[in-house]
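Quick check, what structure comes out for this input:
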Amino acid sequence: MASTDYFEAWSVERGTLTLKGSKQLVKTQEEIQDMIKEFKRSTTRLKDDHHDVQYLVRKFNDKNNKRNWECEVAKVEKSKTGHKERILIIFKREMTPKEEITELRGLLQNEREANEAYRARLQDEIENNEILRLQKAEKEKELNKLYRQMMEERREKEWVRQRMREAQEQYDHELAAEQKKADELRRRLVAEQEQHDRELAAKQNEATEIYRQFAAEQRKTADLRRILRKMEQDKDDAAAGGWFRRRDERQEDEDPRRRPGANTGRARTHRPQQGDRDSEPARGRYEREEEKSVGEDPQFRPRANEARRRTYRRRNP
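Below is the predicted model:
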(Lines give C-alpha, C1' and ligand atoms only; values in the text may rest on other atoms or scores of the structure.)
Protein backbone atom coordinates (compact mmCIF):
# COMPACT_ATOMS: atom_id res chain seq x y z
CA MET A 1 0.00 0.00 0.00
CA ALA A 2 1.38 3.35 -1.09
CA SER A 3 1.28 6.27 1.29
CA THR A 4 -0.73 8.26 -1.27
CA ASP A 5 -3.68 5.80 -1.42
CA TYR A 6 -7.10 6.97 -0.40
CA PHE A 7 -9.76 4.56 0.91
CA GLU A 8 -13.51 4.52 1.25
CA ALA A 9 -15.62 1.84 2.96
CA TRP A 10 -19.05 0.92 1.63
CA SER A 11 -21.81 -1.46 2.67
CA VAL A 12 -23.98 -2.96 -0.10
CA GLU A 13 -27.05 -5.16 0.43
CA ARG A 14 -26.91 -8.34 -1.56
CA GLY A 15 -30.09 -9.34 -3.47
CA THR A 16 -30.95 -12.48 -5.29
CA LEU A 17 -30.18 -11.13 -8.80
CA THR A 18 -28.48 -7.75 -8.40
CA LEU A 19 -26.80 -5.39 -5.93
CA LYS A 20 -28.80 -2.61 -4.38
CA GLY A 21 -29.03 -0.27 -1.41
CA SER A 22 -25.41 0.85 -0.91
CA LYS A 23 -24.16 3.35 1.71
CA GLN A 24 -20.81 4.76 2.68
CA LEU A 25 -19.37 3.99 6.10
CA VAL A 26 -18.10 7.08 7.91
CA LYS A 27 -14.62 5.96 8.93
CA THR A 28 -11.23 7.61 9.17
CA GLN A 29 -8.27 6.36 7.19
CA GLU A 30 -6.80 4.75 10.34
CA GLU A 31 -10.06 2.95 11.09
CA ILE A 32 -10.26 1.80 7.49
CA GLN A 33 -6.72 0.43 7.78
CA ASP A 34 -7.87 -1.63 10.77
CA MET A 35 -10.87 -2.84 8.78
CA ILE A 36 -8.58 -3.90 5.94
CA LYS A 37 -6.53 -6.02 8.33
CA GLU A 38 -9.67 -7.56 9.78
CA PHE A 39 -11.20 -8.30 6.34
CA LYS A 40 -8.03 -9.98 5.14
CA ARG A 41 -8.21 -12.41 8.09
CA SER A 42 -11.93 -13.11 7.57
CA THR A 43 -13.11 -16.47 6.22
CA THR A 44 -15.86 -14.84 4.14
CA ARG A 45 -13.46 -12.64 2.19
CA LEU A 46 -14.24 -12.22 -1.53
CA LYS A 47 -11.53 -12.41 -4.12
CA ASP A 48 -10.82 -9.52 -6.46
CA ASP A 49 -12.02 -11.48 -9.54
CA HIS A 50 -15.41 -12.19 -7.97
CA HIS A 51 -18.20 -11.01 -10.29
CA ASP A 52 -19.94 -9.05 -7.51
CA VAL A 53 -16.71 -7.31 -6.64
CA GLN A 54 -15.99 -6.47 -10.27
CA TYR A 55 -19.56 -5.23 -10.73
CA LEU A 56 -19.27 -2.93 -7.69
CA VAL A 57 -15.92 -1.56 -8.84
CA ARG A 58 -17.31 -0.79 -12.29
CA LYS A 59 -20.42 0.90 -10.93
CA PHE A 60 -18.35 2.87 -8.43
CA ASN A 61 -16.04 4.14 -11.17
CA ASP A 62 -19.01 5.15 -13.32
CA LYS A 63 -20.52 7.00 -10.39
CA ASN A 64 -17.30 8.85 -9.52
CA ASN A 65 -16.28 9.87 -13.04
CA LYS A 66 -13.85 7.02 -13.52
CA ARG A 67 -11.19 7.98 -11.04
CA ASN A 68 -9.64 4.50 -11.22
CA TRP A 69 -11.13 3.09 -8.02
CA GLU A 70 -9.97 -0.40 -7.20
CA CYS A 71 -11.07 -2.95 -4.66
CA GLU A 72 -8.69 -3.25 -1.76
CA VAL A 73 -10.62 -5.97 0.11
CA ALA A 74 -14.21 -7.18 0.41
CA LYS A 75 -16.13 -9.73 2.50
CA VAL A 76 -19.66 -11.04 2.90
CA GLU A 77 -21.47 -10.48 6.19
CA LYS A 78 -24.90 -11.70 7.28
CA SER A 79 -27.43 -9.48 8.99
CA LYS A 80 -28.38 -9.97 12.63
CA THR A 81 -31.58 -11.79 11.68
CA GLY A 82 -29.68 -14.07 9.33
CA HIS A 83 -32.11 -13.62 6.40
CA LYS A 84 -30.06 -11.07 4.45
CA GLU A 85 -26.47 -10.64 3.42
CA ARG A 86 -24.37 -7.59 2.71
CA ILE A 87 -21.02 -6.98 1.14
CA LEU A 88 -18.52 -4.81 2.97
CA ILE A 89 -16.07 -3.47 0.42
CA ILE A 90 -13.20 -1.00 0.68
CA PHE A 91 -12.27 0.97 -2.42
CA LYS A 92 -8.94 2.65 -2.99
CA ARG A 93 -7.44 5.11 -5.43
CA GLU A 94 -4.45 7.39 -5.68
CA MET A 95 -4.73 10.82 -4.12
CA THR A 96 -4.69 13.97 -6.19
CA PRO A 97 -2.09 16.64 -5.38
CA LYS A 98 -4.75 18.68 -3.71
CA GLU A 99 -5.84 15.72 -1.61
CA GLU A 100 -2.25 15.01 -0.77
CA ILE A 101 -1.77 18.60 0.37
CA THR A 102 -4.97 18.38 2.35
CA GLU A 103 -3.85 15.07 3.78
CA LEU A 104 -0.47 16.53 4.69
CA ARG A 105 -2.12 19.53 6.25
CA GLY A 106 -4.35 17.23 8.17
CA LEU A 107 -1.37 15.18 9.26
CA LEU A 108 0.49 18.31 10.28
CA GLN A 109 -2.55 19.57 12.10
CA ASN A 110 -2.96 16.23 13.79
CA GLU A 111 0.71 16.22 14.67
CA ARG A 112 0.47 19.80 15.93
CA GLU A 113 -2.56 18.89 18.01
CA ALA A 114 -0.79 15.80 19.22
CA ASN A 115 2.23 17.88 20.18
CA GLU A 116 0.01 20.38 21.95
CA ALA A 117 -1.75 17.58 23.72
CA TYR A 118 1.62 16.05 24.57
CA ARG A 119 2.88 19.36 25.91
CA ALA A 120 -0.33 19.77 27.88
CA ARG A 121 0.00 16.25 29.23
CA LEU A 122 3.65 16.89 29.97
CA GLN A 123 2.79 20.12 31.78
CA ASP A 124 0.05 18.34 33.70
CA GLU A 125 2.47 15.56 34.51
CA ILE A 126 5.05 18.10 35.69
CA GLU A 127 2.45 19.81 37.85
CA ASN A 128 1.23 16.47 39.14
CA ASN A 129 4.79 15.42 39.87
CA GLU A 130 5.38 18.68 41.73
CA ILE A 131 2.19 18.15 43.68
CA LEU A 132 3.19 14.57 44.37
CA ARG A 133 6.65 15.73 45.42
CA LEU A 134 5.18 18.28 47.79
CA GLN A 135 2.72 15.72 49.10
CA LYS A 136 5.52 13.21 49.45
CA ALA A 137 7.68 15.74 51.28
CA GLU A 138 4.76 16.62 53.56
CA LYS A 139 4.04 12.96 54.09
CA GLU A 140 7.70 12.23 54.79
CA LYS A 141 7.74 15.11 57.25
CA GLU A 142 4.63 13.75 58.94
CA LEU A 143 6.06 10.24 58.88
CA ASN A 144 9.29 11.48 60.43
CA LYS A 145 7.29 13.21 63.13
CA LEU A 146 5.28 10.06 63.74
CA TYR A 147 8.48 8.03 63.72
CA ARG A 148 10.02 10.29 66.35
CA GLN A 149 6.88 10.04 68.45
CA MET A 150 6.85 6.28 68.03
CA MET A 151 10.50 6.02 69.04
CA GLU A 152 9.84 8.24 72.05
CA GLU A 153 6.88 6.07 73.05
CA ARG A 154 8.99 2.96 72.49
CA ARG A 155 11.75 4.31 74.72
CA GLU A 156 9.18 5.23 77.35
CA LYS A 157 7.60 1.78 77.15
CA GLU A 158 11.03 0.18 77.34
CA TRP A 159 11.79 2.25 80.45
CA VAL A 160 8.46 1.20 81.98
CA ARG A 161 9.16 -2.45 81.13
CA GLN A 162 12.62 -2.15 82.68
CA ARG A 163 11.10 -0.70 85.86
CA MET A 164 8.50 -3.44 85.86
CA ARG A 165 11.19 -6.11 85.42
CA GLU A 166 13.18 -4.63 88.28
CA ALA A 167 10.07 -4.47 90.46
CA GLN A 168 9.21 -8.05 89.52
CA GLU A 169 12.74 -9.21 90.33
CA GLN A 170 12.58 -7.37 93.67
CA TYR A 171 9.20 -8.91 94.39
CA ASP A 172 10.46 -12.38 93.42
CA HIS A 173 13.50 -11.92 95.65
CA GLU A 174 11.35 -10.82 98.60
CA LEU A 175 8.89 -13.60 97.91
CA ALA A 176 11.71 -16.15 97.84
CA ALA A 177 13.04 -14.77 101.13
CA GLU A 178 9.59 -14.91 102.69
CA GLN A 179 9.12 -18.41 101.32
CA LYS A 180 12.46 -19.43 102.79
CA LYS A 181 11.47 -17.95 106.15
CA ALA A 182 8.12 -19.71 105.96
CA ASP A 183 9.83 -23.01 105.15
CA GLU A 184 12.24 -22.54 108.04
CA LEU A 185 9.38 -21.67 110.38
CA ARG A 186 7.43 -24.67 109.11
CA ARG A 187 10.41 -26.95 109.74
CA ARG A 188 10.78 -25.49 113.23
CA LEU A 189 7.09 -25.96 113.90
CA VAL A 190 7.27 -29.54 112.67
CA ALA A 191 10.32 -30.18 114.85
CA GLU A 192 8.63 -28.58 117.85
CA GLN A 193 5.48 -30.58 117.18
CA GLU A 194 7.50 -33.78 116.97
CA GLN A 195 9.32 -32.84 120.19
CA HIS A 196 5.99 -32.04 121.85
CA ASP A 197 4.55 -35.35 120.63
CA ARG A 198 7.55 -37.22 122.00
CA GLU A 199 7.31 -35.40 125.35
CA LEU A 200 3.56 -36.00 125.47
CA ALA A 201 4.08 -39.67 124.69
CA ALA A 202 6.75 -39.86 127.40
CA LYS A 203 4.42 -38.15 129.87
CA GLN A 204 1.60 -40.46 128.88
CA ASN A 205 3.87 -43.45 129.37
CA GLU A 206 4.99 -42.01 132.70
CA ALA A 207 1.39 -41.39 133.73
CA THR A 208 0.48 -44.91 132.67
CA GLU A 209 3.35 -46.28 134.72
CA ILE A 210 2.34 -44.13 137.71
CA TYR A 211 -1.27 -45.24 137.34
CA ARG A 212 -0.15 -48.86 137.11
CA GLN A 213 1.96 -48.41 140.24
CA PHE A 214 -0.93 -46.62 141.95
CA ALA A 215 -3.29 -49.45 141.01
CA ALA A 216 -0.77 -51.94 142.36
CA GLU A 217 -0.51 -49.93 145.56
CA GLN A 218 -4.30 -49.78 145.75
CA ARG A 219 -4.49 -53.53 145.32
CA LYS A 220 -1.84 -53.97 148.01
CA THR A 221 -3.75 -51.57 150.27
CA ALA A 222 -6.99 -53.46 149.63
CA ASP A 223 -5.24 -56.74 150.43
CA LEU A 224 -3.81 -55.28 153.61
CA ARG A 225 -7.23 -53.94 154.60
CA ARG A 226 -8.81 -57.32 153.97
CA ILE A 227 -6.11 -58.92 156.11
CA LEU A 228 -6.67 -56.33 158.83
CA ARG A 229 -10.44 -56.85 158.69
CA LYS A 230 -9.89 -60.61 158.92
CA MET A 231 -7.58 -60.17 161.85
CA GLU A 232 -10.04 -57.83 163.60
CA GLN A 233 -12.87 -60.24 162.88
CA ASP A 234 -10.88 -63.14 164.28
CA LYS A 235 -10.03 -61.01 167.28
CA ASP A 236 -13.71 -60.09 167.78
CA ASP A 237 -14.74 -63.72 167.39
CA ALA A 238 -12.18 -64.79 169.94
CA ALA A 239 -13.36 -62.06 172.34
CA ALA A 240 -16.99 -63.24 171.96
CA GLY A 241 -16.04 -66.71 173.17
CA GLY A 242 -16.68 -68.49 169.92
CA TRP A 243 -20.39 -67.69 169.99
CA PHE A 244 -20.16 -65.18 167.12
CA ARG A 245 -21.17 -67.79 164.61
CA ARG A 246 -24.83 -67.34 163.81
CA ARG A 247 -27.55 -69.85 163.54
CA ASP A 248 -27.70 -69.79 159.79
CA GLU A 249 -24.00 -70.49 159.56
CA ARG A 250 -24.31 -73.45 161.91
CA GLN A 251 -27.26 -74.74 159.92
CA GLU A 252 -25.28 -74.44 156.72
CA ASP A 253 -22.49 -76.44 158.30
CA GLU A 254 -24.95 -79.11 159.57
CA ASP A 255 -27.09 -79.38 156.43
CA PRO A 256 -25.15 -81.11 153.62
CA ARG A 257 -27.48 -79.62 151.03
CA ARG A 258 -26.17 -76.14 151.85
CA ARG A 259 -22.55 -77.06 151.47
CA PRO A 260 -20.66 -75.62 148.51
CA GLY A 261 -20.99 -77.80 145.42
CA ALA A 262 -24.17 -79.58 146.59
CA ASN A 263 -26.84 -79.91 143.88
CA THR A 264 -30.04 -81.33 145.38
CA GLY A 265 -32.46 -79.52 143.09
CA ARG A 266 -34.22 -77.80 146.01
CA ALA A 267 -34.17 -74.14 146.93
CA ARG A 268 -32.54 -72.89 150.13
CA THR A 269 -34.79 -72.90 153.20
CA HIS A 270 -33.30 -69.64 154.47
CA ARG A 271 -32.83 -66.63 152.21
CA PRO A 272 -31.25 -63.66 153.94
CA GLN A 273 -33.06 -60.34 153.71
CA GLN A 274 -31.59 -57.65 151.53
CA GLY A 275 -29.28 -55.49 153.61
CA ASP A 276 -28.94 -57.98 156.47
CA ARG A 277 -25.47 -57.35 157.77
CA ASP A 278 -25.48 -60.55 159.88
CA SER A 279 -25.92 -62.88 156.90
CA GLU A 280 -22.90 -64.22 155.07
CA PRO A 281 -23.93 -63.07 151.59
CA ALA A 282 -24.76 -59.61 152.95
CA ARG A 283 -21.48 -59.44 154.76
CA GLY A 284 -19.69 -60.42 151.60
CA ARG A 285 -21.52 -57.72 149.68
CA TYR A 286 -20.59 -55.09 152.29
CA GLU A 287 -17.01 -56.33 152.20
CA ARG A 288 -17.01 -55.91 148.45
CA GLU A 289 -18.38 -52.40 148.84
CA GLU A 290 -15.65 -51.70 151.36
CA GLU A 291 -13.06 -52.95 148.87
CA LYS A 292 -14.49 -50.68 146.18
CA SER A 293 -14.45 -47.66 148.46
CA VAL A 294 -10.89 -48.14 149.60
CA GLY A 295 -9.28 -44.80 150.30
CA GLU A 296 -12.54 -42.89 150.31
CA ASP A 297 -13.56 -43.27 154.01
CA PRO A 298 -10.84 -44.55 156.34
CA GLN A 299 -13.36 -44.62 159.25
CA PHE A 300 -15.65 -47.08 157.53
CA ARG A 301 -14.17 -50.22 159.03
CA PRO A 302 -14.26 -49.12 162.69
CA ARG A 303 -17.92 -48.15 162.35
CA ALA A 304 -18.71 -51.53 160.85
CA ASN A 305 -16.99 -53.30 163.74
CA GLU A 306 -18.89 -51.17 166.23
CA ALA A 307 -22.19 -52.00 164.56
CA ARG A 308 -21.34 -55.68 164.63
CA ARG A 309 -20.62 -55.50 168.36
CA ARG A 310 -23.90 -53.71 169.03
CA THR A 311 -25.80 -56.36 167.10
CA TYR A 312 -24.08 -59.14 169.03
CA ARG A 313 -24.84 -57.57 172.38
CA ARG A 314 -28.48 -57.02 171.39
CA ARG A 315 -28.92 -60.67 170.41
CA ASN A 316 -26.89 -62.00 173.36
CA PRO A 317 -27.91 -60.00 176.38
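
close enough to count as contact, Thr4 and Pro97?
No - Thr4 lies out of contact with Pro97 (C-beta atoms under 8 Å); the separation is 9.6 Å. Just so you know, the C-beta spots here come from the backbone N, C-alpha and C atoms, and that holds for glycine as well.

These two - which one has more neighbours?
Set Thr4 next to Pro97 and count neighbours by other C-beta atoms under 10 Å: Thr4 wins out with 13 against 8.

Can you name the residues that contact the more buried one?
Taking C-beta atoms under 8 Å, 6 or more residues apart in numbering, we find Thr4 in contact with Glu94, Met95, Glu100.

taking these one by one, which sit in strands?
Glu94 (DSSP state E).

So which of the contacts of Thr4 wins on neighbours?
Met95 (16 neighbours).

how close does Gln204 get to Arg309?
Between Gln204 and Arg309 the distance is 48 Å, computed by C-beta to C-beta, to the nearest Å.

Of those two, give the one with the bigger neighbour count.
Per other C-beta under 10 Å, whichever of Gln204 and Arg309 has more neighbours is Arg309, with 13 against 10.

isn't there a helix covering the more buried one?
Yes - residue state for Arg309 (DSSP: H, G, I helix; E, B strand; the rest coil) corresponds to a helix.

what about the residue lying closest to it once chain neighbours are set aside, helix or strand, and which?
Among residues not flanking Arg309 along the chain, Asp236 sits closest, at 7.1 Å (C-beta to C-beta, 6 or more residues apart in numbering). Counting by DSSP states H and E, the element that carries Asp236 is helix 97-239.

Point out the other helices and strands that that helix packs with.
helix 280-292, helix 300-315 (3 or more C-beta pairs under 8 Å, 6 or more residues apart in numbering; DSSP states H and E).

Comparing the ones you listed, which yields the minimum mean pLDDT?
Sorting those by mean pLDDT places helix 280-292 lowest, at a mean of 49.

Please report the distance of Met151 from Glu158.
10 Å.

burial measure for Lys59, as a count.
Lys59: 14 neighbours (other C-beta under 10 Å).

in the host helix or strand of it, what counts as buried?
Taking DSSP H and E as the criterion, Lys59 maps to helix 51-63. By neighbour count with 16 or more other C-beta atoms under 10 Å, helix 51-63 contains the buried residues Asp52, Val53, Leu56, Val57, Phe60, Asn61.

try stretch 30-49
Ile32, Met35, Ile36, Phe39, Leu46.

before we move on, the earlier item: kindly present the contacts of Thr4 as JSON lines, with separate columns for pLDDT and distance to Arg229.
Formatted as JSON lines, these follow (pLDDT from 0 to 100; distance: C-beta to C-beta, whole Å):
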{"residue": "Glu94", "pLDDT": "79", "distance to Arg229": "177"}
{"residue": "Met95", "pLDDT": "77", "distance to Arg229": "174"}
{"residue": "Glu100", "pLDDT": "78", "distance to Arg229": "175"}
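
about what we covered before: go through the buried residues of stretch 30-49 and flag which are in helices.
For these, the ones inside helices are Ile32, Met35, Ile36, Phe39, with DSSP state H as the criterion.

which residues does the residue nearest to the first one when sequence neighbours are not counted contact?
The spatially closest residue to Ile32, leaving aside those adjacent along the chain, is Phe7, at 4.5 Å (C-beta to C-beta, 6+ apart). By C-beta under 8 Å, 6+ apart, Phe7 lies in contact with Gln29, Ile32, Gln33, Ile36, Glu72, Ile90, Phe91, Lys92.

and if we set it to 10 Å?
1, 27-29, 31-33, 35-36, 69, 72-73, 90-93 (C-beta atoms under 10 Å, 6 or more residues apart in numbering).

Helix, strand, or coil at it?
Classified using three-state DSSP, Phe7 is strand.

give me the beta-bridge partners of it?
Lys92 (DSSP bridges).

Just the local confidence number for the residue most central in space within the chain, please.
Here the mean C-alpha position of the chain is nearest to the C-alpha of Gln168 (C-alpha atoms, centre = their mean), at a distance of 25.9 Å. With respect to pLDDT, Gln168 scores 94.

Relative to Lys180, how far out is it?
18 Å.

With Arg186 instead?
11 Å.

and what of Gln109?
Gln109 is 100 Å from Lys180, by C-beta to C-beta.
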